[in-house]
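Peer 1: When you get a sec, could you give me coordinates for this:
(2 chains)
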Number of protein chains: 2
Amino acid sequence: MSTVGNPANIFWHENPVGKAEREKLLNQHGCVVWITGLSGSGKSTLACSLGRELQSRGKLSYVLDGDNLRHGLNKNLWFSPESRTENIREVAKLFANAGLICIASLISPYRKDGDAYRALLPDKKFIGRVSFFMNMPLQLCEGRNPRGLYKLARVGKIKGFTGIDDPYEPPLSCEIEIQLKDGVVPTPNEMAGQVVSYMEDRGFLEA
Amino acid sequence: MSTVGNPANIFWHENPVGKAEREKLLNQHGCVVWITGLSGSGKSTLACSLGRELQSRGKLSYVLDGDNLRHGLNKNLWFSPESRTENIREVAKLFANAGLICIASLISPYRKDGDAYRALLPDKKFIGRVSFFMNMPLQLCEGRNPRGLYKLARVGKIKGFTGIDDPYEPPLSCEIEIQLKDGVVPTPNEMAGQVVSYMEDRGFLEA
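Peer 2: Next up, the predicted model:
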């Protein structure tokens, strides 16, 4: 709709490209794959393998990683932890809306974070998020001691560290729970394969 | 690199999918198209047409619009205007990194905002951002009076409104400046065509 002629009174009918059109272009469904678990439980590893596997199938994904984001998106120290978490959630939602498979790898220690992700994308046909719980024993995560963080937390040099002096509330429900098998950690390829099969079965990988 | 065997000491070599690989998949170069101008200057209209034109060519773009973002990403009132602006900039950067043509439509009244966008993506081969200045006379923008905002600003019901009681600093340099031609506003298709030609000539639309 336009009323050309009087330049002071022009209104163009704005018809932005919608999610469905972008999904058609990408032949996939935009969604958030939310990975939760303790520091050292293998979230980033799963995120990387999953991104690789999707790329090899011609699917576009993007990893939002709590650690990496701290340097750009959330580097401002005046953001409260709550607004930081909410900010990442909203960015994940934008990525899903853009048609991407957004892999959000975050400790997300509180159950309410999981609930917020569940409420994020109320897409009926395709569940807008797939949540994965890296259910690894604290002992194993601590043994891996990523970036020496557990050691620092144990001696009190980091306060409020999830699993040590701040709680981790395992999600009450999630689509896939990844656990030790006979005491052995599944390989990244095994984990990614499990996720991709799940997504394939539910029609995420074509549009 | 993995040291399978001792589950407490496993480090996987993480090899995340890179920007170049995503660009190959999309056959385009991720970048930020930054559109600045007064409220009512036609930023959103250009953003929509550009998105449409790119979609029709099989290119993936996503519009970050200052108005829309206020409802999701930046709804938290405790964000300062500066952190809000910075937040959108960082999100635009993430989208470009994901391989998308991110169309950021923002008033960006201060020259330092433009400088910050210029510094955003120091990609040498492909300029990581294309800036467009919607150089429309205030009178025209005010005549359009989007959402009645100018009227409210004139009677003092909105304070610090760009162009009325807060300055708009036109960018000192930009890739394309869109102006009236003989007093007539270019059509959205004309504007979008100009932008797409510019991007095509510079190799943004293939990878």
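
Peer 1: Check which helix or strand the residue nearest in space to the middle of chain A maps to.
Peer 2: Centroid-nearest residue in chain A, with CA atoms, centre = their mean: A:Ala104, separated by 1.5 Å. Using DSSP states H and E, the element containing A:Ala104 is strand A:101-105.

Peer 1: OK, contacts around the residue nearest to the centre of chain A?
Peer 2: Shown in contact with A:Ala104 (CB atoms under 8 Å, 6 or more residues apart in numbering or on different chains): A:Val32, A:Val33, A:Trp34, A:Ile35, A:Leu64, A:Ile88, A:Arg89, A:Ala92, A:Tyr117. Yep, even glycine has a C-beta here, placed from its N, CA and C like the rest.

Peer 1: Take the residues you listed and keep only those in strands.
Peer 2: Mapping the contacts of A:Ala104 onto strands (DSSP state E) picks out A:Val32, A:Val33, A:Trp34, A:Ile35, A:Leu64.

Peer 1: Out of those residues, give me the one that has the most neighbours.
Peer 2: A:Ile35 (30 neighbours; other CB atoms under 10 Å in any protein chain shown).

Peer 1: What is the burial count for the nearest residue to A:Ala20 once chain neighbours are set aside?
Peer 2: Among residues not flanking A:Ala20 along the chain, A:Ala207 sits closest, at 7.7 Å (CB to CB, 6 or more residues apart in numbering or on different chains). Per other CB under 10 Å, the neighbour tally for A:Ala207 reads 18.

Peer 1: State the distance from A:Ala207 to B:Arg22.
Peer 2: 18 Å (CB to CB, to the nearest Å).

Peer 1: same question, A:Val63
Peer 2: A:Val63 sits 11 Å away from B:Arg22, going by CB to CB.

Peer 1: What average pLDDT does stretch A:18-29 get?
Peer 2: Summarised as a single mean, pLDDT over stretch A:18-29 is 96.

Peer 1: Correction: the previous question concerned stretch A:85-92.
Peer 2: 82.

Peer 1: cool, stretch A:106-121 as well?
Peer 2: On average, stretch A:106-121 scores 72.

Peer 1: lowest-pLDDT helix or strand in chain A?
Peer 2: Least confident helix or strand, chain A: helix A:66-69 with a mean of 66, by mean pLDDT, DSSP states H and E.

Peer 1: Export only the CA atoms of the strand holding A:Ala104, formatted as PDB.
Peer 2: In PDB, the C-alpha atoms belonging to strand A:101-105 read as follows (Å, rounded to 0.1, in the frame of the first residue of the first chain):
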ATOM      1  CA  ILE A 101      19.400 -24.200  14.700                       C
ATOM      2  CA  CYS A 102      20.700 -22.300  17.700                       C
ATOM      3  CA  ILE A 103      22.700 -24.400  20.000                       C
ATOM      4  CA  ALA A 104      22.700 -22.700  23.400                       C
ATOM      5  CA  SER A 105      25.300 -24.300  25.700                       C
END
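
Peer 1: Please name the strands paired to it in the sheet, noting orientation.
Peer 2: strand A:31-37 (parallel), strand A:61-65 (parallel) (DSSP bridges).

Peer 1: Need the pLDDT of A:Leu73.
Peer 2: On the pLDDT scale, A:Leu73 gets 64.

Peer 1: mean pLDDT for the strands paired with strand A:101-105: which is lowest?
Peer 2: strand A:31-37 (a mean of 87).

Peer 1: for it, the distance to its chain's centre please.
Peer 2: From the chain centre to the centre of strand A:31-37 is a distance of 4 Å (CA atoms, centre = their mean, to the nearest Å).

Peer 1: Could you check how far the residue nearest to the centre of chain A is from chain B?
Peer 2: The gap separating A:Ala104 from chain B is 12 Å, by CB to the nearest CB, to the nearest Å.

Peer 1: just A:Ala47 next, same as before
Peer 2: Relative to chain B, A:Ala47 is positioned 8 Å away (CB to the nearest CB).

Peer 1: Count the neighbours of that residue for me.
Peer 2: When neighbours are counted by other CB under 10 Å, A:Ala47 registers 26.

Peer 1: So it lies in a helix, does it not?
Peer 2: Yes: A:Ala47 forms part of a helix when assessed by DSSP: H, G, I helix; E, B strand; the rest coil.

Peer 1: surely it meets A:Cys102?
Peer 2: No: the pair A:Ala47 / A:Cys102 is not scored as a contact, 10.4 Å apart, by CB atoms under 8 Å.

Peer 1: How about the contacts made by A:Gly66?
Peer 2: A:Ile88, A:Ser105, A:Leu106, A:Ile107.

Peer 1: cutoff 10 Å now
Peer 2: Under the criterion of CB atoms under 10 Å, 6 or more residues apart in numbering or on different chains, the neighbours of A:Gly66 are A:Ser39, A:Lys43, A:Ser44, A:Asn74, A:Arg84, A:Thr85, A:Ile88, A:Ala104, A:Ser105, A:Leu106, A:Ile107, A:Ser108.

Peer 1: which stretch of helix or strand covers the fifth one?
Peer 2: This points to A:Arg84. helix A:81-97.

Peer 1: So which bits of that helix are buried?
Peer 2: Residues A:83-97 are the ones in helix A:81-97 that count as buried (16 or more other CB atoms under 10 Å in any protein chain shown).

Peer 1: likewise stretch A:161-179?
Peer 2: Quick answer for stretch A:161-179 (16+ other CB under 10 Å): A:Phe161, A:Thr162, A:Gly163, A:Ile164, A:Tyr168, A:Pro171, A:Cys174, A:Glu175, A:Ile176, A:Ile178.

Peer 1: I'm done for today, thanks for sticking with me.
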